[in-house]
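Engineer: quick one, fold the following:
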Amino acid sequence: MIKNPNCDNLICEQCIVRAKSAFKNLTTLEYQNLYAQKVCKFYKRGEIIYQEGHRLRGVYCVYQGKLKLYKIGPEGKEQIIRFALPGDLIAFRAILSQESACMTAQAIEDAVLCHIPAKTFLDLARENPNFSMHLIQISCKELNESNKFIVDLAQRPVKIRLAQTLLLLLDTFGVDKDGFIDVILTREEIASIVGTATESVIRYLSELKKNGLIQLNSKKIKILKPNELEKMIKF
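Structural biologist: Residues are numbered from 1 along each chain as shown. Purely as a prediction, here's the structure:
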């Protein structure tokens with residue numbers, strides 16, 4: 001359980017996730033200004049950080065915890081687009097483009113986020129070329145992943161998309177001490193990544209379990225034969 005942090009102790013230049021963040025190449029003066037302007041907040045599991053369509057006043061850097069970012073489809077169904085982990089920067093494209101948030105961000109476990117005001121963020125983007133270049137690289141990577149996701153969603157069978165999703169979760173979150181993927185997701189949330197009905201996910205998970213490829217323990221999933229899942233995806 002993450003406790004509400006003492007933000008006075010979260011000095012940006014000494015941050016434990018600095019090496020993973022977009023802010024890793026700032027100058028000492030820039031770190032000091034960032035520290036003076038940011039506000040840290042604790043979010044409980046299930047709490048919404050911001051919603052799709054809302055105007056934002058800044059960006060968020062994940063200090064602790066895990067988030068899901070999703071869109072709501074025409075029929076009101078949730079479609080998870082990606083996840084955010086410690087060190088990740090979210091909402092920055094909305095600030096750069098001066099548009100409303102294109103996704104909703106929600107904590108899937110207790111989390112701590114640092115909010116950086118839009119002006120502070122934009123000043124950094126204008127004045128620090130390394131920072132700006134890193135933002136471009138992040139944007140290009142996420143766009144490439146989104147394009148691949150759209151193609152897979154349209155052209156690949158549900159069972160294959162589920163196998164891809166399980167390997168994605170393994171790569172994103174790693175495993176806990178017992179070898180299970182280190183994230184707790186409902187079957188509905190897995191279905192919203194795969195882009196299918198919850199019933200289909202339940203059926204195919206049971207099939208993968210029966211074939212000895214995965215192990216299930218309530219909401220936790222252990223991949224027993226990742227190579228077999230890889231083979232499924234290649235066909």
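Engineer: run through this structure and note the low-pLDDT ranges.
Structural biologist: Counting by pLDDT under 70, the chain contains low-confidence residues at 1-9, 150, 153-154, 235.
Engineer: return the set of buried residues in the lengthiest helix in the chain.
Structural biologist: Looking across the chain with DSSP state H, the single longest helix is helix 129-155. Judged by neighbour count using 16 or more other CB atoms under 10 Å, the buried positions of helix 129-155 are 131, 134-135, 149, 152. Where you see a C-beta, it was placed from the backbone N, CA and C, and this is true even at glycine.
Engineer: ok, stretch 30-50 next?
Structural biologist: Within stretch 30-50, the residues that qualify as buried are 30-31, 33-35, 37-38, 40-43, 49-50, counting by 16+ other CB under 10 Å.
Engineer: what do you get for stretch 109-122?
Structural biologist: Under 16+ other CB under 10 Å, the buried positions of stretch 109-122 are 109-116, 118, 120-122.
Engineer: spatially central, which residue of the protein would that be?
Structural biologist: residue 83 (1.6 Å; CA atoms, centre = their mean).
Engineer: that older thread, next SSE after the longest helix of the chain?
Structural biologist: helix 158-173 (DSSP states H and E).
Engineer: what helices or strands is that next one leaning on?
Structural biologist: Helix 158-173 sits against helix 129-155, helix 187-194, helix 198-210, strand 220-223, helix 226-234, with contacts defined as 3 or more CB pairs under 8 Å, 6 or more residues apart in numbering; DSSP states H and E.
Engineer: out of those, which is closest to residue 173?
Structural biologist: strand 220-223 (10.5 Å; CB to CB).
Engineer: partner strands of the closest one, parallel or antiparallel?
Structural biologist: Its sheet considered, strand 220-223 pairs with strand 214-217 (antiparallel) by DSSP bridges.
Engineer: in the strand it pairs with, what counts as buried?
Structural biologist: So strand 214-217, judged by 16+ other CB under 10 Å, has buried residues residue 214.
Engineer: how far out from the middle of the chain is it?
Structural biologist: 23 Å (CA atoms, centre = their mean, to the nearest Å).
Engineer: swap in stretch 76-88?
Structural biologist: 4 Å.
Engineer: got the CA coordinates for it in PDB?
Structural biologist: The C-alpha coordinates for stretch 76-88 follow below in PDB (Å, rounded to 0.1, in the frame of the first residue of the first chain):
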ATOM      1  CA  GLY A  76     -20.100   3.600 -23.900                       C
ATOM      2  CA  LYS A  77     -17.600   0.700 -23.700                       C
ATOM      3  CA  GLU A  78     -14.100   1.300 -22.300                       C
ATOM      4  CA  GLN A  79     -11.100   0.700 -24.600                       C
ATOM      5  CA  ILE A  80      -7.800   0.600 -22.800                       C
ATOM      6  CA  ILE A  81      -5.100   2.200 -25.000                       C
ATOM      7  CA  ARG A  82      -2.000   1.900 -22.900                       C
ATOM      8  CA  PHE A  83      -0.700   1.900 -19.300                       C
ATOM      9  CA  ALA A  84       1.500   4.400 -17.400                       C
ATOM     10  CA  LEU A  85       4.200   3.300 -14.900                       C
ATOM     11  CA  PRO A  86       6.600   5.200 -12.600                       C
ATOM     12  CA  GLY A  87       8.600   7.700 -14.600                       C
ATOM     13  CA  ASP A  88       6.000   8.000 -17.400                       C
END
